[in-house]
Each structure stands twice: as structure tokens, then as C-alpha cells.
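> What would the 3D arrangement of this be:
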Amino acid sequence: MLSRSHTWLLQAENLLLFGPSGVGKTHLAIAITMAMIEQDQPCRFFPATALVQLLQKAKASYELPAVIQKLDRYALLVIDDISYVRRSELETSVLFELICHRYERRSLLVTSNQPFREWDTIFPSGSMTVAAVDRLVHHCHIVGIKGESYRQKQAAARVSSESSDPPT
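Numbering: from 1, shown residues only. A predicted model of the protein is given here:
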């Protein structure tokens, strides 16, 4: 029986998670991925820089179409922290090729701590940025997460507890 919770995946829709660093985007992406796996949906999680490196290596050895085709076996492909990819890291056009290939065929879950207007640093050209964003948002769900960094809160709590400890 099909569960309604992964209908978006069956319809090749994307999920985009935005928010500042430390608010739990990666944890949420992992939880969603695990839930999809529990529903027998094949998924693959990549830090964005690792995915770009894999695709660049495939392009250099003339195997990019085959590698992108292999990634089609996953109903959900997670690209975590896309805003850390910079066009100065060789060519990120391979990421654009992947997005174009999966458009209306398979789902992407993308996390970012930067809004779309700052994505010009990711792709080699402004027109490529616009085209990538256009494909990502055409069939998608966008979740904005607000709040303070959990890591900063934990660090502040540690400092507070350490400063209140009596000296030994």
C-alpha cells in the first residue's frame, strides 16, 4: 500500500530546506531520507562538495552520463549544503547537468544556508543559476527554517556551566 508521505517522491517533486547554519537542515534531511528508506524508496545522501567531486571526476574520465544514469536508481538524491559549493572549485557545471537530468524524473532534496539570490557563486554563469533554480522550484516544496544555531547554543551553555563551576 502506498503511503501518502512519499507521494512527492513518486511525482518527482523536490524538497528544498533553507535556513541559517546550525538550525538542523542536515538532521532534517537525514530524517526524511531515513523515512523514505523505511518506505522502500532508494535514497542517496551526498554532501554537495563530495557529489561535485564525484561528478567532476566522472566528467574528466568521460563517464559523466553513465554516473548520472547510475544515480537515477535513487528515487531521492540528497544534496546537503549546496551553498558551500563554489564555482571556483573547478567547474560546477556538472551539478547543473545533474539537476537538468533529474528534472521531472527523480526527486532532489537540497539544503542551503543561502537564498537563491546568492546562488550565483555556485554555478559558472548567472543564466545557469537561473535555469538550475527554475528546474528545482518548478515542482517542489520549500521549507524555511528559522532559529539560532544549535551548536552555538550548546557552546554557550557549556561556557556558562564551566564559568559557574567552583574552582578546584
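> all strands of this protein, in order?
Under the criterion DSSP state E, the chain contains strands at 14-18, 43-47, 76-80, 107-112, 140-144.
> the inter-axis angle of the last one versus strand 14-18?
Per axes from the mean of the first three to the mean of the last three CA atoms, to 10 degrees, the angle that strand 140-144 makes with strand 14-18 is 10 degrees.
> Check the second one too.
Strand 43-47 and strand 14-18 are oriented at 30 degrees to each other (the same axes, to 10 degrees).
> For strand 43-47, which residues meet the burial criterion?
43, 45-47 (16 or more other CB atoms under 10 Å). In short, each C-beta sits where N, CA and C put it, glycine included.
> same for it, what does it pack against?
helix 25-38, strand 76-80 (3 or more CB pairs under 8 Å, 6 or more residues apart in numbering; DSSP states H and E).
> Swap in 10 Å and give it another go.
helix 25-38, helix 48-60, helix 64-71, strand 76-80, strand 107-112 (3 or more CB pairs under 10 Å, 6 or more residues apart in numbering; DSSP states H and E).
> Of all these, which one is nearest Thr121?
Between Thr121 and those, the shortest gap by CB to CB is with strand 107-112, which sits at 11.5 Å.
> The closest one to strand 14-18, inter-axis angle?
Using the same axes, to 10 degrees: strand 107-112 against strand 14-18 is 10 degrees.
> which residues does Ile142 contact?
Applying CB atoms under 10 Å, 6 or more residues apart in numbering, we find Ile142 in contact with 14-18, 110, 116, 136.
> among those residues, which two are most distant?
Leu15 and Phe116 (15.0 Å).
> for the record, mean pLDDT for stretch 130-142?
On average, the pLDDT along stretch 130-142 is 95.
> oh sorry, the question was meant for stretch 37-49
pLDDT averaged over stretch 37-49 gives 95.
> Kindly report the same for stretch 78-95.
83.
> what's the offset of it from the middle of its chain?
10 Å (CA atoms, centre = their mean, to the nearest Å).
> do the same with stretch 16-35
That offset, for stretch 16-35, works out to 9 Å (CA atoms, centre = their mean).
> and if you look at stretch 125-134?
With CA atoms, centre = their mean, you get 17 Å for stretch 125-134.
> need the strands of the chain in TSV with distance to Leu28, can you?
Shown next, in TSV, are the strands of the chain (distance: least, CB to CB, whole Å):
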stretch	distance to Leu28
strand 14-18	6
strand 43-47	12
strand 76-80	11
strand 107-112	8
strand 140-144	8
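> just to revisit the earlier point, so which of the helices and strands packed on strand 43-47 gets nearest Lys146?
Per CB to CB, nearest to Lys146 of the helices and strands packed on strand 43-47: helix 25-38, 11.4 Å.
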